[in-house]
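Novice: Whatever this is, show me its structure:
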Amino acid sequence: MITASGVAEVRSACDEARRAGRRVGFVPTMGFLHPGHRSLMRAARVGNDVVVASIFVNPLQFGPTEDLERYPRDLAGDSAAAEAEGVDLLFLPAVDEMYPEPPLTTVHVAGLSEVLCGASRPGHFDGVATVVAKLLSIVGPCTAYFGRKDAQQLAVVRRMVSDLHLPADVVGCPLVRERDGVAMSSRNAYLSEEDRRAAPVLFGALRAAAAAVTGGERSGGALRRLIAREVAREPRVALEYVATCRPDDLEPLDHLEGDVLVAVAARVGSARLIDNITLCIRDADVVADLGVVTDRPESEVLCAER
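Specialist: Presented below is the predicted three-dimensional model:
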């Protein structure tokens, strides 16, 4: 594995690979890698000749009161994990390399950025869209892999890539869960033992919602109330929002039909956690995508978007 800190070096290496007829896969991360990140790297490894990954804690997506300075970091562990997953080029830029001057140009995806998590984190998705646009510009034509745990981020990136005709294919990969159902996140490191024991209530509520829809429930309002009741059983968890919406444009849905994203965000101690499931509803037929857990066969974690 080659490590690089400079934009020019990464751009040159990717251009050279494509000139040689090799396909480039790209996995952008903020580091503190967990099995969810590693599943993206495995998917990229299977589908491409050259795998590029980046680790960059992007200051533009953190608000003034958010956790930029204490965001967990483990560069040595991350480098070892990336190499073990077959990453060919690991991009480790400094802030000054990505933003040599305070940026006057940012990317805003209207409509998708202000709802759900964007309502309580103004400017967050502008920071996400801006850094992803920069990274895709550096890497060049590629297939880029994102986890479906950050469903709003995935929707924002897809719309940005489409609107700007960026030369990237965006692949959504399965949400990966701990054995007790908690969605894997670097911010799980913030949870105390008591909070960690409380956190599975979010997935429990989402499973109850999936069961209700399978049983015939088609009211978005009823489903949101069911989830709120389930989460309220755990006093350590404060629900921020629950939403039923279309996965591609995040438009709210009150009648549940077609592809439906059911998303939640909650405060659990000092951590803000997000989770979701996707339902494919065709009349009486319901297929629920609940994600995959770490003790499932690896091949299940490799599957890309259905």
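
Novice: by contact count, what packs against the longest helix seen in the chain?
Specialist: Secondary structure of the chain per DSSP state H: the longest helix is helix 124-139. With contacts defined as 3 or more C-beta pairs under 8 Å, 6 or more residues apart in numbering; DSSP states H and E, helix 124-139 has these neighbours: helix 7-19, strand 24-29, helix 117-120, helix 151-163. In short, each C-beta sits where N, CA and C put it, glycine included.

Novice: make it 6 Å
Specialist: Counting contacts by 3 or more C-beta pairs under 6 Å, 6 or more residues apart in numbering; DSSP states H and E, helix 124-139 packs against helix 7-19, helix 151-163.

Novice: Just give me how far the first one sits from the chain centre.
Specialist: Between the mean C-alpha location of helix 7-19 and the chain-wide mean there is a distance of 26 Å, by C-alpha atoms, centre = their mean, to the nearest Å.

Novice: again with the last one
Specialist: Taking C-alpha atoms, centre = their mean, one finds helix 151-163 lying 11 Å from the centre of the chain it belongs to.

Novice: before we move on, back to that, what residues does the longest helix of the chain touch?
Specialist: Under the contact criterion C-beta atoms under 6 Å, 6 or more residues apart in numbering, helix 124-139 has outside partners 7, 10-11, 14, 26, 28, 52, 54, 58, 60-61, 106-109, 113, 118, 153, 156-157, 160, 166, 168.

Novice: again, but for stretch 50-67
Specialist: Outside stretch 50-67, the residues that touch it by C-beta under 6 Å, 6+ apart are 17, 22, 24-31, 44-45, 68, 71, 78, 82, 87-93, 124, 127-128, 130-131, 135, 139.

Novice: quick one: buried residues of it?
Specialist: 50-58, 60-62 (16 or more other C-beta atoms under 10 Å).
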